[in-house]
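Novice: pasting the structure only:
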């Protein structure tokens, strides 16, 4: 059997017919636990660079990464992204593919996941396309509490004023954010970065899973890692799956308190 385009095979995890996994098998592999999860997803080069030569993480993406990226969004009820990454990666209104819409609606879910935008300084334009073109009103997450500054955003989005972490001035309390999202019935959260947001989430130990694509390129230079923070915080992970396609590795990790 000839492998289809962006054909993904399992090295550790589910086994597909002739070694290749179809979308339903991939969705089952990445399915959220019954009580939901806070999942991180990112792509990096073999030497650990979080950005490609053009300064964007998107340029590291491969066909397999793009396929899984779409499927992870299909499963999520909220996609959380830092405001800087939204600007750098050119995000607009969050829309999934027609196939994903059909899959979600067949299961009684909204056609598209909600976009969550994290902005510590509220340096956003409420008239930006990410609001105007959104099929679902986004959620703006910020520690800013000034009513006048928040007013324009309340017209185009749900605003969550999240307190600062008690031990980390100037940073959001991610555990509190997770609790607030659960109150809005957003339990299956997919965080797409960027590195500063990942770094803070890691520093607070506030994630459950990591999906990491290792792109088969060397970048060099001074590019940073997928998680950037002044705080060192080490959290053990358990490998839940390893998929491969055209030299791209798709790694799936879960938090594991039992490893050292």
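Specialist: Great, that's in hand. Here the structure is a predicted model, which is why all the values come from computation and not from measurement.
Novice: show me where the stretch 101-250 of the chain has strands.
Specialist: Assigned by DSSP state E, counting those that start in this stretch, the stretch 101-250 of the chain shows strands spanning 114-118, 139-142, 158-161, 164-165, 168-172, 188-191, 209-215, 237-245, 248-255.
Novice: to residue 133, which of these lies closest?
Specialist: Nearest of the strands of the stretch 101-250 of the chain to residue 133, taken as Cβ to Cβ: strand 114-118 at 10.4 Å. C-beta: built from backbone N, CA, C; applies to glycine.
Novice: which residues touch stretch 31-39?
Specialist: For stretch 31-39, contacts defined as Cβ atoms under 8 Å, 6 or more residues apart in numbering pick out 72, 75-76, 178, 182, 187-191, 201, 206-211.
Novice: as CSV, the strands of the stretch 101-250 of the chain with mean pLDDT, distance to residue 12 and mean neighbour count would be great.
Specialist: Formatted as CSV, the strands of the stretch 101-250 of the chain follow (pLDDT from 0 to 100; distance: least, Cβ to Cβ, whole Å; neighbours: other Cβ atoms under 10 Å):
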stretch, mean pLDDT, distance to residue 12, mean neighbour count
strand 114-118, 97, 31, 25
strand 139-142, 97, 34, 23
strand 158-161, 98, 37, 16
strand 164-165, 90, 35, 16
strand 168-172, 85, 34, 15
strand 188-191, 98, 22, 24
strand 209-215, 97, 14, 21
strand 237-245, 95, 4, 17
strand 248-255, 96, 9, 20
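Novice: which stretches of this protein have low pLDDT?
Specialist: 1-4, 15-18, 257-260 (pLDDT under 70).
Novice: by contact count, what packs against the longest helix along the chain?
Specialist: Ranked by residue count, the top helix of the chain under DSSP state H comes out as helix 63-75. Using 3 or more Cβ pairs under 8 Å, 6 or more residues apart in numbering; DSSP states H and E as the contact definition, the elements that helix 63-75 packs against are strand 8-12, helix 23-29, strand 37-45, helix 98-106, strand 188-191, strand 209-215, strand 237-245, strand 248-255.
Novice: to residue 223, which of the ones you listed lies closest?
Specialist: Comparing the helices and strands packed on helix 63-75 against residue 223 with Cβ to Cβ, the closest turns out to be strand 37-45 (8.0 Å).
Novice: work out the gap between that closest one and the centre of the chain.
Specialist: Averaging C-alpha positions (Cα atoms, centre = their mean, to the nearest Å) puts strand 37-45 6 Å from its chain's average.
Novice: over to stretch 72-83?
Specialist: Remark: stretch 72-83 is offset 5 Å from the chain centroid, using Cα atoms, centre = their mean.
Novice: what's the answer for stretch 217-227, then?
Specialist: On Cα atoms, centre = their mean, the centre of stretch 217-227 falls 19 Å from that of its chain.
Novice: check stretch 64-78 too.
Specialist: On the basis of Cα atoms, centre = their mean, stretch 64-78 sits 9 Å off its chain's mean C-alpha point.
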